[in-house]
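Asker: heads up, no residue letters with this:
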């Protein structure tokens, strides 16, 4: 391994200048000659059959070049959720969706799409499409949807049902003997919690531009987080070989948070379907409202936790049940309940555990992936119950957690070992920062206000393996001037990978970052990778890059060794120079040419010289790194200091402290950005964010002004603490860092509210109405 | 090796539909947001010093965003001719050019460039630039330029001169003992020939669009034939690491014929220089006139041939001298004279040979690469002298050639063996087609007309190695659906490689062409390659693809073998199925899944099943093919039947027959297209095409209407004959096919004119004026 020069440093982001000067290109900026603009006609009904659809007037409109409906659209069933397309486990893939179907299953479902020479003409054309609907009974609530009287959303088509409207399978995680564990517990607490529908609200709405060449080769500029898997689904929908489809970002994507995994929103296949019909490029950019109603939300859920402990606080048994409302289509409906269970069960050392979870179809916008992927729902429920258990046992909730949290190599239910954790240290540092030990003496700012503190802990994954297929490849190519190009299949959706992966490449190889370029987010320029999600990007793509770099180093040592008259393993490469390992790396005076090196045994040869020397001898150094990431748990804690106005029910968060063990922080300021961003999303999850529906299944909170995203004004004092461990499985010890930050904040804030008010709330968000009602109920 | 399914077949061109429907994109079609338009101010003087240049008025013009001159342009010397940048031999690279210099050396040399929001504003801005020139003495003729009184064009800067205005070195090829050979000859004939300045006149003029990201990453859409080498030169000019520069075609290029090797025309660095100054993308599209005056022409030359033979016709000695006018900058001025010598000396088995050649600077537009690269000049001279020798010996020129042409494994001066030649068969078939045996009894169509027949033979190369660096790489990637993506660094400039390379990939691997896609012409998506020239594309890139495909096949056999319970070498892959080699390939009834194959020993498993089986086990099949092509000589002959009007001097070509040994013709109709196109260019070289200059060094024939390119009306009856050999060094036996066709036609036509008129002409083109004067002189 080389000396670390840039890994661990706050290197400037490579996308920084372009993004701050407005020069960075996103899909909506794209233009190709002859391009058409598309608009989508969406269902006004929650559940209906299209009895008749007449597009003739729309087709006659000047400038309209294609109209697509269920009559002429592709006829292959698919599942728009990408990587689990690749599921390795026993789970059957649920294929329940057509691009356009004659049944619509939620308000916003696709009925038709138009491509025209201008957006205005496309919009006008939508109004000329006449649709006759036969209304079908609709159901919105998970419990109701499973009842005997509920309408069937998909029947048998594409679903192996274990109950009415249950897609796929029920996830069961057995571990030890829960019944026995509960029996042997001194205290058992059981509680059911309700989690709301929230949205990713990424900056850039879903959009795509599709172009088809005369020989049938497809290019799609897209806002996807998963270029390669998205390509696979598109291929299946249209029966086009994967090799003939290029999916790329141009090059940036305005945020993701999970909503861009696979084809959530369907912008890509709609653009492609129209491009195939019109034989011209087609671009589609969703409005914010469309993005709200027609792309995946987080799964609303009810989670029941039953926790048993000994009097001394030792956890004995954990029994969990999660029911997830997946909306109109399954998507990740089989996988996400599993992740909720696995991640929640993995926090504490509990010998007896059980989890039961599944999704339910309803006539709502589909749920899907959102940062945390089931973990926030489970974490919220368990961490409330842990606090309740502490109260019941008369212990400090801090001490109760410290007693039970996982240690390195503790047995657990996950299929990979825990080889690193600094969760205890995270707790210590964050607790100290927020002043946990003075919790009892906190003072509120007014007589009608109460103040309290809460905390929560959690874990997550560093990639998707072994839950689903997850492998990563990288190309590593040395140019004839000794500079390096690296290609990785992950996209840059704002998480900083276009910088952090270059840091890993530079230090793995032994050269300056300035001499490394990276291509990313393009299926044509990069080898296969499952995309940017599952907190995997830096960890898994970084591992592939590191392996490729190390293999290429070895090629260089083998090429240069005869000139140095030593064995390849006696050479090193650092700061762009190759020299004998025994020679001082810092001596700048002894730079010689490769052909002269034998006469200068202390000599250092520039990589530029070696690369050009090889080049004029018809040789290029390059390698392909291929890895299967082992996975590793990051650990995290959030502490909240809150004040609750008992007259209005309003919760003011005074301070949030998050401490994260992400292994090695490759670029600490980027990790801090990840922590801060997630904590703010967690604040919204806790207090304000919720998509609500009226009784017709229409979203009533589908715009920025009605969906209460925290703004700069709402953000409290925050502290982000990085507690580094060195995980042996990650690149330079790194672990996942992308999702953890959104897992615990709502749990901690709710615990703080309970601490302040003495009332345990079981439903998010903690709106003033809900708090006020809760306080009132207590009276 | 697999059974050939598509190699050798007239498969439809993959770029056909897009190009015929106008949907194919070229550089001039490109648009990126914020793009500026550039124009170039060019020198009106053949040789001058810029004493003062005032751009202040231009800069003040509304819409002007950057002005570049020698004051603020990059300051690195370069040579715009690309691949020889990579010369491995003893030849020193001549670096003699700045992007903008304070001395201008030809009419059209770059003085300034402007980037503005519209083309009209950029044009207007040029007129506001005030330039004060100090005129310097100019020289236009090679002989004069070497004389004592001539001005020095470059002094010592960048040139190691062996004489005045001789850039680089004098090329000397010694082989045997020429003096002794001439002494032992019964007949010696010596003659000097003069070759004109001709132009490639490719359909698309030079153009480029350059974009620079905030982190300094450069993208250049370009009309280059050599994406990777062009990138190297751009890097040197601007001191930008090669890894940070992406050069690509978008995806097509409108013809090349050599003028796009390297940076001839300088559109790319001008666009980039302005983009760096303006911090916005900059596009430049040359006018036809600019393309004529400011991008490379073919080298005009004088070639002297001295040939000695025994009375029985056995060639004893060949002494050749070539002087090439390279114009203002050296470019390929050191390499091209060498290729002229090597290719001309290689045609016949002559034990004693010598070649002496070099370039000379003059104040004309630079000469550079054009289809044939020095070979047509040398071939014309030698093939005239061979006909003169036949006349002198009283032999048929056909028999004289047949007696002396190279045979397989004959010794020669080239650094690789001749392992295949069907030149004799080419002569037989073409001779029969044109009716050579009736040559003596040909009748003219009118009393004042005379008719005659001529022939010429030649060879060429199949790539550039071992004359310069030439290696090739390919990526070969199997997608999870079993389809394949291939990446090759060569561009598609109209030669059909986007089809023929896919044919090679499909048959090398054993799948349908429909399941293979190809990326090309993009330094980011492809590994290193030296570009499309030297007749190398199908040969060298094809070899790399074949090697990569075969390695990937092996990976698949190794993966599948345990399931089949046989060793990997007992498996085969054909038509997309893997099965035991012992099983019939045509049985379609026995398709089984990989996991079931042991129970069905006759079973065939689809590649799709194997790829997906591996994919869900975290494995992707992929390989990088890396080859150094060995080189092989293609052979060719041209026969011409002409009629000469003795009253006007006009030559009518009645029929042209070309027969080519290109090894295996991967796609015969594409090869025929290559032959026909080259023959027509050869017709223009013979009869009409010439750039002339006035005495101020101004081109007087620099537009389509004055430069006499043959049009459809001028094209005679033509026949293209392919005589296949199987060269052991090429992919499926293929050899180079791109350039040969332009080498012999002028030689053959001139021999036919001599046969018809009895007059030997020594200067091309054979214009009516020149013929008339020649016939008159004879009187």
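Answerer: Perfect, thanks for sending it. In this text the structure is predicted, and so the values were computed from the model without any measurement.
Asker: Can you list the buried residues in stretch A:309-321?
Answerer: Residues of stretch A:309-321 classed as buried by neighbour count (16 or more other C-beta atoms under 10 Å in any protein chain shown): A:309, A:313-321. All C-beta atoms are positioned from the backbone trio N, CA, C, and that covers glycine.
Asker: Residue A:277: neighbouring residues, count only.
Answerer: Around residue A:277 there are 17 other residues, counting by other C-beta atoms under 10 Å in any protein chain shown.
Asker: ok, back up a step: pLDDT added to the buried residues of stretch A:309-321, as a markdown table?
Answerer: Formatted as a markdown table, these follow (pLDDT from 0 to 100):
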| residue | pLDDT |
| --- | --- |
| A:309 | 98 |
| A:313 | 98 |
| A:314 | 98 |
| A:315 | 98 |
| A:316 | 98 |
| A:317 | 98 |
| A:318 | 98 |
| A:319 | 98 |
| A:320 | 98 |
| A:321 | 98 |
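Asker: Among those, which one lies nearest to residue A:49?
Answerer: The nearest member of these to residue A:49, counting by C-beta to C-beta, is residue A:321 at 34.5 Å.
Asker: Adjacent strands (with direction) for the strand or helix carrying the closest one?
Answerer: Here residue A:321 sits within strand A:315-327, counting by DSSP states H and E. According to DSSP bridges, strand A:315-327 forms sheet pairs with strand A:301-309 (antiparallel), strand A:352-361 (parallel).
Asker: What is the distance between that strand and the centre of its chain?
Answerer: Distance, stretch centre to chain centre, for strand A:315-327: 21 Å (C-alpha atoms, centre = their mean, to the nearest Å).
Asker: what's the following helix or strand after that strand?
Answerer: Once the chain leaves strand A:315-327, the next helix or strand it forms, by DSSP H and E, is helix A:335-345.
Asker: and that next one, does that touch chain B?
Answerer: No: contact of helix A:335-345 with chain B (C-beta under 8 Å from any C-beta of the partner chain) is absent, the minimum separation being 14.5 Å.
Asker: sorry, back to before: tabulate the strands paired with strand A:315-327 in a markdown table, adding columns for distance to residue B:155.
Answerer: Conversion of the strands paired with strand A:315-327 to a markdown table gives the following (distance: least, C-beta to C-beta, whole Å):
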| stretch | distance to residue B:155 |
| --- | --- |
| strand A:301-309 | 81 |
| strand A:352-361 | 80 |
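Asker: Now residue A:73: closest residue in space, sequence neighbours ignored.
Answerer: Spatial nearest neighbour of residue A:73, excluding adjacent residues (C-beta to C-beta, 6 or more residues apart in numbering or on different chains): residue A:100 at 4.1 Å.
Asker: residues near that neighbour, how many?
Answerer: Count around residue A:100 with other C-beta under 10 Å applied: 26.
Asker: How about the contacts made by it?
Answerer: Neighbouring residues of residue A:100 by C-beta atoms under 8 Å, 6 or more residues apart in numbering or on different chains: A:68-70, A:73, A:110-113.
Asker: Of those - the most surrounded one?
Answerer: residue A:113 (30 neighbours).
Asker: what does the one helix or strand that residue maps to rub up against?
Answerer: In the assignment (DSSP H and E), residue A:113 maps to strand A:110-116. Strand A:110-116 is contacted by residues A:36-43, A:50, A:53, A:55, A:58, A:61, A:63-69, A:99-100, A:104, A:122, A:125-126, A:129, A:131, A:266, A:270, A:273-275, A:277-278, A:280, A:282, A:284, A:294 when judged by C-beta under 8 Å, 6+ apart.
Asker: Counting neighbours, which bits of the helix or strand harbouring residue A:386 end up buried?
Answerer: Taking DSSP H and E as the criterion, the element that holds residue A:386 is helix A:375-393. Neighbour-count burial for helix A:375-393, counted by 16+ other C-beta under 10 Å, picks out A:375-391, A:393.
Asker: Do I have it right that residue A:662 meets residue A:671?
Answerer: Yes: in terms of C-beta atoms under 8 Å, residue A:662 counts as a neighbour of residue A:671; the distance is 5.7 Å.
Asker: okay, and the common contacts of those two?
Answerer: Common contacts of residue A:662 and residue A:671 (C-beta under 8 Å, 6+ apart): A:722, A:737.
Asker: Name the residue in these two with the higher neighbour count.
Answerer: residue A:662 (34 against 25).
Asker: From chain B, how far off is that one?
Answerer: 24 Å (C-beta to the nearest C-beta, to the nearest Å).
Asker: again, but for residue A:23
Answerer: Applying C-beta to the nearest C-beta to residue A:23 and chain B gives a distance of 6 Å.
Asker: now for whichever strand or helix holds residue A:59, which elements pack on it?
Answerer: Assessed by DSSP H and E, residue A:59 sits inside helix A:56-60. With contacts taken as 3 or more C-beta pairs under 8 Å, 6 or more residues apart in numbering or on different chains; DSSP states H and E, helix A:56-60 sits against strand A:64-69.
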